[in-house]
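Trainee: dropping a prediction and its sequence here:
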Amino acid sequence: MPISGPFLFRWVFEKYDGIRGFWNPLKKAMFSRSGTKFDLPQEVIDDMPSDLFLDGELWDATLINASLTHR
C-alpha cells in the first residue's frame, strides 16, 4: 500500500546500554532525562545540528564516562 500525505522521516536504531540524551540546538547542549547537562567534547558539540532537537542514546564509553564524572 503506497504512503500518501505529509509524514516525517525518522531514524530508528537498536537500543544499546547507554545513557539517554536530549540535544537542544538552541542551547548547543545535550541533557539527561533529569536535566543534567552532559560535558561533551567541543568537537562533538560542533558536529551536532544547529536546527534540530534530538532524542537518543549516548553509548560511546569515553563520552559516557566523561559525562558521569563531571556531574
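Mentor: Yep, that arrived.
Trainee: now do the helices in this protein.
Mentor: 42-47, 61-69 (DSSP state H).
Trainee: mean confidence for stretch 50-63?
Mentor: Stretch 50-63 carries an average pLDDT of 80.
Trainee: actually stretch 29-43, sorry about that
Mentor: Here the average pLDDT along stretch 29-43 is 90.
Trainee: name the residues of that stretch that are buried.
Mentor: Within stretch 29-43, the residues scored as buried using 16 or more other CB atoms under 10 Å are 29-30, 32, 38, 40. All C-beta atoms are positioned from the backbone trio N, CA, C, and that covers glycine.
Trainee: tell me the two of these that are most distant?
Mentor: Distance extremes for those: the farthest pair is S32 and L40 at 11.9 Å, using CB to CB.
Trainee: now the strands: where do they sit in this protein?
Mentor: Secondary structure of the chain (DSSP state E): strands located at 19-24, 29-31, 54-58.
Trainee: so which of those strands gets nearest I45?
Mentor: With CB to CB as the criterion, I45 lies closest to strand 29-31 of the strands of the chain, at 7.6 Å.
Trainee: packing partners for that closest one?
Mentor: strand 19-24 (3 or more CB pairs under 8 Å, 6 or more residues apart in numbering; DSSP states H and E).
Trainee: name the residues of the strand it packs on that are buried.
Mentor: Those would be 19, 21, 23, for strand 19-24 by 16+ other CB under 10 Å.
Trainee: what residues does the second one make contact with?
Mentor: It refers to G21. Going by CB atoms under 8 Å, 6 or more residues apart in numbering, G21 touches 30-32, 38, 54-58.
Trainee: of those residues, closest to D46?
Mentor: The nearest member of the contacts of G21 to D46, counting by CB to CB, is M30 at 12.8 Å.
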